[in-house]
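>>> Fold the following for me, if possible:
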Amino acid sequence: MTKKLEGKVALITGSGRGIGRSIALKLASEGAHVVVNDLDEAPAQEVVAAIRAAGGQAVACIGSVTAPDFAERFIGTAVSAFKGLDIIVNNAGYTWDNVVQKMTDEQWYAMLDVHLTAPFRILRAAQPVIRALSKQEKEAGKSVVRKVVNISSVAGLFGNAGQTNYSTAKAGIVGMTQTLAKEWGRMNVTVNCVAYGFIKTRLTVSADSDATENIDGREIKVGVNPDLMAAMERSIPLGRGGTPDEAAGAVYLLCIPESDYVSGQTLMCSGGLTGI
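Numbering: from 1, shown residues only. This next block holds a predicted model:
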């Protein structure tokens with residue numbers, strides 16, 4: 001049986017760990033050739049090795065999505081390694097919370113840079129490649145549907161206390177999704193968004209007050225207070241947070257041929273949670 005994404009070239013930011021890793025493994029299991037990205041080389045290469053060990057094809061593109069030259073390098077890696085570009089998943093990101101009166105400009109711009117400016121630059125860099133491929137296919141009488149999946153959050157749809165920066169950026173990616181769905185439809189590209197609720201990753205698991213993660217040269221406090229996490233899970237109709245594999249499933253739905261006529265939409269992957 002032919003795999004649903006056989007031979008497709010998929011680029012996934014932040015795919016060395018967490019949700020992004022699960023997305024990379026899921027798309028690869030369905031035949032996609034994957035460009036794996038992470039800030040650090042070790043996790044990215046581990047995912048590449050796992051995909052290759054399972055019989056798939058993958059390469060790594062290491063570095064921060066916020067670097068000025070990253071977008072061109074990321075798109076160039078796909079074209080150089082696999083001679084194509086079919087799926088882009090803008091997944092990379094993290095949170096850096098504070099109430100608005102204590103939030104610094106650095107915190108504000110860090111969230112906009114990683115969640116909004118980076119996807120913009122990647123999609124801008126991808127457009128000439130997609131346009132050229134689309135033109136060639138049209139002239140050859142072929143119809144190829146390409147996919148963009150941007151990652152938002154329920155915080156971007158409903159807001160969340162202490163996350164003015166993150167919520168604003170995640171709301172912005174929804175607007176970008178809807179706009180590019182209108183711009184890129186003529187190139188046979190669907191552009192959709194997945195808005196996650198509470199997904200359990202290294203950045204959201206229960207942690208003590210001193211837990212930090214080095215992200216893009218900054219020591220960022222991570223983890224969720226255990227009592228707060230329990231309260232959050234009780235508010236989810238399914239009664240629990242989601243797993244990275246479940247989160248990956250929502251992206252997968254928007255990448256397969258069955259969703260070729262779905263565009264400009266935001267799919268909530270939140271266990272039934274419809275507000276915060």
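
>>> Any figure for the gap between S235 and G271?
With distances taken as C-beta to C-beta, to the nearest Å, S235 is found 10 Å from G271. Any C-beta I mention is one placed from the backbone N, CA and C, and that applies to glycine too.

>>> R202 now?
Look at R202 and G271: by C-beta to C-beta, they are 20 Å apart.

>>> picking up where we left off before, between S235 and G271, who's got more neighbours?
Just comparing S235 and G271: by other C-beta atoms under 10 Å the higher neighbour count belongs to G271, 18 against 14.

>>> Looks like the more buried one contacts G241 (just checking).
Yes - with contacts defined as C-beta atoms under 8 Å, G271 counts as touching G241 at a distance of 7.4 Å.

>>> tell me the contacts of the residue nearest the centre of the chain?
The centre of the chain sits closest to N91, judged by C-alpha atoms, centre = their mean, with a distance of 1.6 Å. For N91, the contacting residues are 12-15, 19-20, 23, 151, 251, by C-beta atoms under 8 Å, 6 or more residues apart in numbering.

>>> K147 in helix, strand or coil?
At K147 the chain is in strand, as set by DSSP: H, G, I helix; E, B strand; the rest coil.

>>> before we move on, what about G31?
Counting by three-state DSSP, the three-state call for G31 is coil.

>>> can you check C255 too?
Secondary structure for C255, judged by three-state DSSP, is coil.

>>> again with T95
On the basis of three-state DSSP, T95 is classed as coil.

>>> any idea where the helices of the stretch 151-276 of the chain begin and end?
Using DSSP state H, counting those that start in this stretch, the helices assigned to the stretch 151-276 of the chain run over residues 154-158, 164-184, 226-234, 244-253.

>>> Go through those and name the closest to A32.
helix 244-253 (10.0 Å; C-beta to C-beta).

>>> The closest one - contacts with which helices or strands?
Contacting helix 244-253 under the criterion 3 or more C-beta pairs under 8 Å, 6 or more residues apart in numbering; DSSP states H and E are the following elements: helix 18-29, strand 189-196, strand 266-269.

>>> can you put those in a markdown table and add mean neighbour count, distance to Y166 and mean pLDDT?
A markdown table is the format used below for these (neighbours: other C-beta atoms under 10 Å; distance: least, C-beta to C-beta, whole Å; pLDDT from 0 to 100):
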| stretch | mean neighbour count | distance to Y166 | mean pLDDT |
| --- | --- | --- | --- |
| helix 18-29 | 26 | 15 | 98 |
| strand 189-196 | 25 | 12 | 98 |
| strand 266-269 | 18 | 16 | 98 |
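
>>> Nearest to A110, out of those?
With C-beta to C-beta as the criterion, A110 lies closest to helix 18-29 of those, at 18.2 Å.

>>> ok now do the closest residue to P119 other than its chain neighbours, which residues does it touch?
Closest residue in space to P119, ignoring its immediate chain neighbours: N90 at 3.8 Å, by C-beta to C-beta, 6 or more residues apart in numbering. N90 is in contact with 13, 118-119, 122-123, 148-151, 173, counting by C-beta under 8 Å, 6+ apart.

>>> looking at the sheet around N90, what are its partners?
In this structure, N90 has beta-bridge partners N150, where bridges are defined by DSSP bridges.

>>> any idea how far it lies from A81?
Per C-beta to C-beta, N90 is found 19 Å from A81.

>>> repeat for N37
With C-beta to C-beta as the criterion, N37 and A81 are 13 Å apart.

>>> Show the residue spans covered by the helices in the stretch 1-150 of the chain.
The residue ranges that make up the helices of the stretch 1-150 of the chain, judged by DSSP H, counting those that start in this stretch, are 18-29, 41-53, 70-82, 105-112, 118-139.

>>> Comparing those helices, which comes out most buried?
Across these, the average number of neighbours (mean count of other C-beta atoms under 10 Å) peaks for helix 18-29, which reaches a mean of 26.

>>> Against which helices or strands is that helix packed?
Taking 3+ C-beta pairs under 8 Å, 6+ apart as contact, the helices and strands that helix 18-29 lies on are strand 9-12, strand 33-38, helix 41-53, strand 87-90, helix 244-253.

>>> Figure out which of those is closest to G217.
For those, the distance to G217 is smallest for strand 33-38, at 14.6 Å, taking C-beta to C-beta.

>>> what's the average pLDDT for that closest one?
Mean pLDDT, taken over the full extent of strand 33-38, equals 98.
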